[in-house]
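Participant: Quick one: sequence plus predicted model below, questions after.
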Amino acid sequence: FQELYEKPKPKIGYAEQDEKTEPKKAIDTDKLINYGIKRELVGRLPIAVELNNLGKEDLKEIIINSDQSELAATVVTLRQLGVEVENLEEVIDIIAEDALNKKIGARGLIFTINNMFQELFYEIGNNQGTYKTVVIGNNIINDNRDFVLKKTKAKKRKKVKQG
């Protein structure tokens, strides 16, 4: 319900105070009803609180340390398939930056991560045992084929001398 908290744009004159220094105000039940939420539901909401937006560091913390981190699960699956992600820190930055730009918050991370790795899993799944590492490209968010797979080195077979 982000629109409930948006402040009207100032007309010609002084700009508003910085959001972080401005104290939070309680949400009036009439405001919720006028927004379109049914009275029956509003009556069941004992507390309405305005939350601050997540920053890039907050999103990175969620991506890395959440118990249900989609990226952590993806990395584990890749490792089970024998593939390591070489630039994991950059990948985390790319995901967090995308979430900030799109204003999708932490809930949108799952969709972004699944979409990012879809083509990669397809390629690895069809060529199991072929690749050892992957380097994710900076444009992976817009083009889920922006990655480079590095092949495993083939083991040299020893020649056996015959008789």
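Facilitator: In hand now; what should we look at? This is a predicted model, so every value here is computed, not measured.
Participant: Which positions in the helix or strand that contains residue 76 come out as buried?
Facilitator: Taking DSSP states H and E as the definition, residue 76 sits inside helix 70-80. Neighbour-count burial for helix 70-80 flags 70, 71, 74, 75, 78 (criterion: 16 or more other Cβ atoms under 10 Å). (Glycine included, C-beta is placed from N, CA and C.)
Participant: Which helix in the chain has the most residues?
Facilitator: If you go by DSSP state H, the chain has its longest helix at helix 109-126.
Participant: which helices and strands does that helix pack with?
Facilitator: Helix 109-126 sits against helix 56-65, helix 70-80, helix 88-102, strand 131-136, strand 147-151, with contacts defined as 3 or more Cβ pairs under 8 Å, 6 or more residues apart in numbering; DSSP states H and E.
Participant: does residue 59 really touch residue 102, like I thought?
Facilitator: No - in this structure residue 59 lies outside contact range of residue 102 using Cβ atoms under 8 Å: 11.3 Å.
Participant: With neighbour numbers in mind, choose between the two.
Facilitator: More neighbours surround residue 59 than the other of residue 59 and residue 102, with 23 against 11 (other Cβ atoms under 10 Å).
Participant: quick one: contacts for the more buried one?
Facilitator: Residue 59 is in contact with 95, 96, 99, 100, 106, 109, counting by Cβ atoms under 8 Å, 6 or more residues apart in numbering.
Participant: quick one: contacts for residue 100?
Facilitator: Contacts of residue 100 by Cβ under 8 Å, 6+ apart are 55, 56, 59.
Participant: Burial check on the nearest residue to the second one once chain neighbours are set aside, number of neighbours?
Facilitator: Using Cβ to Cβ, 6 or more residues apart in numbering and skipping residues adjacent in sequence, the residue nearest residue 56 is residue 96, 5.0 Å away. As a burial measure, residue 96 scores 23 neighbours (other Cβ under 10 Å).
Participant: how many other residues sit next to residue 58?
Facilitator: 16.
Participant: Residue 118 versus that one, what's the distance?
Facilitator: According to Cβ to Cβ, to the nearest Å, residue 58 stands 26 Å off from residue 118.
Participant: ok, the residue positioned nearest the centre of the chain to residue 60 distance?
Facilitator: For the chain, the residue sitting closest to the mean C-alpha position, by Cα atoms, centre = their mean, is residue 109 at 2.9 Å. Noted for residue 109: a distance of 10 Å to residue 60, by Cβ to Cβ.
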